[in-house]
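In: Got a predicted structure here, sequence first:
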Amino acid sequence: MKAIVIKNSKITQEPAYITELYPLLYKNKKWARFFDDNRVQAVLTFGFYRKILEDMLEDIGTNSSVLQVGCTFGNQIEKTAEKIGKYGEYTVIDVVKSEIERVKSKVHGQKINLEIQDARKPLSRKYDTVLCYMLLHELPIASREKVINNVLDSVRDGGRAIFVDYNQPTDWNLLRFILKPFNRLFFPFTESLWKTPIKNYAKKSTHFAWYKKTYGSGMYQKVVAVRRTPDEKKPAVKQSFY
Ligand SMILES: C[S@@+](CC[C@H](N)C(=O)[O-])C[C@H]1O[C@@H](n2cnc3c(N)ncnc32)[C@H](O)[C@@H]1O
């Protein structure tokens, strides 16, 4: 197996939302280790961690090229690398160097490119799949819009962007009474993601076919945007006799 490499990294400045709002998550090694435990992730997601991850993996092709924006906790990255396989290509970018180093230190023997990059800046090439896993709720609206559009721009014709994130719980989901104050305290941008469909941030939304699925009585969403192939690139269709 190929060793993990850090290449194509760009000089980035850590965004204020990370240093000001989420220092415990991304700047504190002890807490990061705690959140990285799959059991902790299972509890924090009310038992939906595995289901959501397995469902997302169904949308990723073995041997395909995949870009992921942002490192994650739990074994999401390892499972995704496993699905892509050794003949595919998997790149994970993150704006925080210590997050890249954290992933580098725990992922052994899997073929993953780790790069320091800010996804608010245009991404350099196109991929079969671009993944945005539990990132959007942490972003202020202006940054969220930039990231969503950069993600969509780096999807090749016929390829897809996958967004997995929080969603507005249904009216009969009583957990919303806990989630609302919790989010307001710790993840202040989540509620805006509840209210605005991801599709609405896309400048070229008609270039994609959009599919949405929710989990846990509306608490989580998976949105898949499949880039339509332009007519001139579609294979010629034989004229029908009839
Ligand atoms: C992908 S989210 C995932 C965290 C979530 N709590 C989970 O389920 O694991 C967080 C990651 O995204 C990174 N990130 C935030 N803003 C970014 C940006 N503009 N460009 C690239 N990575 C970014 C953060 O540094 C962090 O490592």
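Out: Arrived safely.
In: got the contact list for whichever residue of the chain sits closest to the ligand?
Out: The ligand sits closest to residue 70 of the chain, with a gap of 2.6 Å, by C-beta to the nearest ligand atom. Where you see a C-beta, it was placed from the backbone N, CA and C, and this is true even at glycine. Residue 70 is in contact with 92, 93, 94, 99, 119, 132, 133, 134, 135, counting by C-beta atoms under 8 Å, 6 or more residues apart in numbering.
In: Sort those by pLDDT and name the bottom one.
Out: Lowest pLDDT of the contacts of residue 70: residue 99, 92.
In: give me every residue that touches it.
Out: Contact analysis of residue 99 by C-beta under 8 Å, 6+ apart lists 26, 70, 71.
In: swap the cut-off to 6 Å and go again
Out: Residues in contact with residue 99 (C-beta atoms under 6 Å, 6 or more residues apart in numbering) are 26, 71.
In: could you measure it against residue 148, distance?
Out: Note on residue 99: its distance to residue 148, by C-beta to C-beta, to the nearest Å, is 20 Å.
In: What of residue 75?
Out: Per C-beta to C-beta, residue 75 is found 26 Å from residue 148.
In: So which of these two has more stuff around it?
Out: Set residue 75 next to residue 148 and count neighbours by other C-beta atoms under 10 Å: residue 148 wins out with 27 against 19.
In: Tell me the residues on the chain that lie near the ligand, please.
Out: 15, 18, 26, 69-73, 93-96, 99, 118-120, 133-135, 138, 147 (C-beta under 6 Å from any ligand atom).
In: make it 5 Å
Out: 70-73, 94-96, 99, 118-120, 134-135 (C-beta under 5 Å from any ligand atom).
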